[in-house]
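K.L.:
Predicted structure and sequence below. I'll ask about it afterward.
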2 protein chains.
Amino acid sequence: MTKTTVTTAAPKAGPPRMSDVARLAGVSKMTVSRVLAGRSASLATRERVQQAVDQLGYVADAAAGALSSGRSEFVAVLVPSLSSSNFSDTVGGLTAVLEREGLQLLIGDTDYSLEREERLVRQMLRHQPRAIALTGAQHTDATRALLQRSGIPVVEMWDLPSEPIDTAVGFSNVKAAREMVRYLAGRGYRRIGFIGGASTLDRRGLDRLKGYQMEVKAQGLGEPRAIRLGDSPITMSHGGPAIAALLAQWPDTEAVMCVSDMSAFGAIMECQRRGLKVPGDLAIAGFGNFEVASCCHPTITTVSVDAYGIGERTGETLLATLAAREQGDGADARAPRNVRIDYTVVSRESA
Amino acid sequence: MTKTTVTTAAPKAGPPRMSDVARLAGVSKMTVSRVLAGRSASLATRERVQQAVDQLGYVADAAAGALSSGRSEFVAVLVPSLSSSNFSDTVGGLTAVLEREGLQLLIGDTDYSLEREERLVRQMLRHQPRAIALTGAQHTDATRALLQRSGIPVVEMWDLPSEPIDTAVGFSNVKAAREMVRYLAGRGYRRIGFIGGASTLDRRGLDRLKGYQMEVKAQGLGEPRAIRLGDSPITMSHGGPAIAALLAQWPDTEAVMCVSDMSAFGAIMECQRRGLKVPGDLAIAGFGNFEVASCCHPTITTVSVDAYGIGERTGETLLATLAAREQGDGADARAPRNVRIDYTVVSRESA
DNA sequence: TTGAAAGCGGTACCAG
DNA sequence: CTGGTACCGCTTTCAA
């Protein structure tokens, strides 16, 4: 196979280009571009172009378009774990909102590592995303610097930091945890324990622990009884060993608050294996209102958070900010810096 | 804290470009490009460039690079549902393999819709991905045409089609289901039911149903007892109503095979609510070996499939194909057209 | 409504 | 080892 030496009908390799479409339709490249963008063009022209596009199976090159117009169609989102249903739900909500505007999500999984997050932010930025959504408020200095310099809208999700980089969509995990402790105390439980992860990287988990500790103290429920075990993301396998450790150390515990429903579920299953009745012998509460919480037997008392809604609100916030910038609005018309997401304690059978 | 006062030089808007780096380092753009690509350059030059890059916080524009070099760093992957743990695991495996090569995943969620898949394929193709991985073997004609014309390597995952578009990485859901029925029959169960989804879009679910029916017939276990209920993805909430329907129609059922562990879990919880012992009164088996299967009480007998491994093998297959093409190998040196993934029946407490 | 020219920010290629 | 030049495929801008 020799290289085609110019001239004559060269059997063009690779996919068709806009110029190919233009030639076939008998118009200029520009006209094709306009038709595809849905801008002014006579009906006849539009049809001819469309026909050529179909015939050739033309798919416009997004990189070229982005380079030329100076704006990509990307929005980046980073979550700590894609296999955690609340984060994949958030991504789902974000996708639903953004795809209406033709925006394409660039999804990254930080695996709860700030270093990985930094690497991913850098990589995402290479694609000049129109905006970026991160999970949590904890980032390396380099990450912050990168984001600041990028100048694009940034949303931090799942938390309400006192000093957001730009905008935040979330709730106070500390307060939510306190509310759960109040609920348990209200049900008459006094000796309340907590099980969560050992990692210091899961800021939201740590905040829940903090909320637990604060409220236990506030309610005068004695010394906190907290077991910290296992790495994030906390999965179902976490609950069994954790509850075992808790009961070994504080056998007279009456109720346990878990950092997540996954953990609570594992704990409940372990109790069943031991012949302990839930909530009769031990009450167990979760966090997050995952599907398992409503399907499990007994059903799990938990804090319900609208993970999908966080994604939606994040998307809407980003779109609003982008629209405002489009119109050249200054910092004034910026979207609100903090969007508070509701949560509620859902009382079920387990506690 | 030296606040770089903005000198009178033109306040360039936007992020720094390669030419800015070049100017600051006192070299040509090309040299910067080479240094960043890790190609030949004297140590001194490399250091100067690196310093300039750091100082400016330069992040190369991927779109420009892709356009110029004619090759993007994207690989596209489409799954039916990101919130289903087996698919998010597959995405995880794929990510792990591809990121070693600096490739960036473009993730799409088809929501079990072939039309959505087609739209997403078109959208992905706009970014000129180096390769694309789809789930399943069922696609619209237009999707097939798009993929064919794109000329990039295609992998179909989670199935072993008789006529793959290009390459497939998966296993036979029919055979796996048959094996589970054989297992149940081997345990002495005769009146075996099946619960699965009603949607015709979940090909893998349908194949499992088909395998169930075939093997029930082959074993002479009487008429199949199949309940089809609910949309994909099958979640935990599916199992309760499904098992209720099954028992209503065939009260003397001894064992039930579920299309997924999610479903099996919901069914088991429903049995517990009804006071039915599993497996004493009713044996229940799942599919997929999700985490819940090993955490649940009783633990769930299931078909174990290495979802993460499917992602890894897909990544490896794609890389191999890309490498082969790089070397100009013809169709000969192509990667194998079918990569078989192992599965095993895992015997646990529930059946 | 349509077309021609310029150029987005990099990389391939070849020369020095 | 380094630099100049052309150009990737598209959109912007301006002119017709």
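P.N.:
Yes, it's here.
K.L.:
Going by residue numbers, what spans are helices in the stretch 151-300 of chain A?
P.N.:
Taking DSSP state H, counting those that start in this stretch as the test, the helices found in the stretch 151-300 of chain A are A:173-186, A:203-218, A:236-249, A:261-274, A:291-295.
K.L.:
Out of the ones you listed, which is the most enclosed?
P.N.:
Most buried of the helices of the stretch 151-300 of chain A, by mean neighbour count (mean count of other CB atoms under 10 Å in any protein chain shown): helix A:261-274, with a mean of 25. Any C-beta I mention is one placed from the backbone N, CA and C, and that applies to glycine too.
K.L.:
which other helices and strands contact it?
P.N.:
strand A:192-196, helix A:236-249, strand A:255-258, strand A:283-285, helix A:291-295, helix B:291-295 (3 or more CB pairs under 8 Å, 6 or more residues apart in numbering or on different chains; DSSP states H and E).
K.L.:
Can you check which of these gets nearest to DNA strand D?
P.N.:
Checking the helices and strands packed on helix A:261-274 against DNA strand D by CB to the nearest atom of the strand gives helix A:291-295 as the closest, at 41.8 Å.
K.L.:
CA atoms only: put that closest one into CSV for me.
P.N.:
C-alpha atoms of helix A:291-295 as CSV (Å, rounded to 0.1, in the frame of the first residue of the first chain):
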residue,chain,number,x,y,z
GLU,A,291,-32.6,1.4,48.6
VAL,A,292,-31.6,-1.4,51.0
ALA,A,293,-33.0,0.6,53.9
SER,A,294,-36.6,0.3,52.7
CYS,A,295,-36.2,-3.3,51.4
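K.L.:
average model confidence for that helix?
P.N.:
Confidence for helix A:291-295, expressed as mean pLDDT, is 96.
K.L.:
Stretch A:49-59 too?
P.N.:
Computed over stretch A:49-59, the mean pLDDT rounds to 94.
K.L.:
Buried residues, the helix of greatest length in chain A. List them.
P.N.:
Taking DSSP state H as the assignment, the helix of chain A that covers the most residues is helix A:307-326. Going by neighbour count (16 or more other CB atoms under 10 Å in any protein chain shown), the buried part of helix A:307-326 is A:307-308, A:310-322, A:324-325.
K.L.:
same question, stretch A:339-351
P.N.:
Of the residues in stretch A:339-351, those buried by neighbour count under the rule 16+ other CB under 10 Å are A:339, A:341, A:343, A:345-346, A:348, A:350-351.
K.L.:
Can you name the two of those that sit furthest apart?
P.N.:
The span of those, defined through CB to CB, is set by A:V339 and A:S350 at 30.9 Å.
K.L.:
what sits against the residue of the stretch 151-300 of chain A found nearest DNA strand C?
P.N.:
Scanning the stretch 151-300 of chain A for proximity to DNA strand C using CB to the nearest atom of the strand identifies A:G151 as nearest, at 12.9 Å. For A:G151, the contacting residues are B:14-15, taking CB atoms under 8 Å, 6 or more residues apart in numbering or on different chains as the criterion.
K.L.:
how close does it get to A:P241?
P.N.:
Taking CB to CB, to the nearest Å as the measure, A:G151 falls 46 Å from A:P241.
K.L.:
re earlier: so what touches the next helix-or-strand element following the longest helix of chain A?
P.N.:
The helix or strand immediately downstream of helix A:307-326 is strand A:338-340, counting by DSSP states H and E. Applying CB under 8 Å, 6+ apart, the contact partners of strand A:338-340 are A:160, A:164, A:167-171, A:313, A:317.
K.L.:
Make TSV from the residues you listed and add pLDDT and distance to DNA strand D to it.
P.N.:
Output for the contacts of strand A:338-340, formatted as TSV (pLDDT from 0 to 100; distance: CB to the nearest atom of the strand, whole Å):
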residue	pLDDT	distance to DNA strand D
A:L160	95	37
A:P164	94	31
A:T167	95	26
A:A168	97	31
A:V169	97	29
A:G170	97	34
A:F171	97	38
A:R313	97	29
A:T317	95	24
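K.L.:
Sitting in strands, which of those residues do you find?
P.N.:
Taking DSSP state E, the ones among the contacts of strand A:338-340 that sit in strands are A:167-170.
K.L.:
Just send those residues back as TSV, with neighbour count and distance to A:A37 too.
P.N.:
As requested, the ones in strands among the contacts of strand A:338-340 are exported to TSV (neighbours: other CB atoms under 10 Å in any protein chain shown; distance: CB to CB, whole Å):
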residue	neighbour count	distance to A:A37
A:T167	23	30
A:A168	28	35
A:V169	29	31
A:G170	26	36
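K.L.:
which two in these are spaced the farthest apart?
P.N.:
The largest distance within the ones in strands among the contacts of strand A:338-340, taken as CB to CB, falls between A:T167 and A:G170 and amounts to 10.3 Å.
K.L.:
For A:I195, grab the count of nearby residues.
P.N.:
Using other CB atoms under 10 Å in any protein chain shown, A:I195 is surrounded by 30 other residues.
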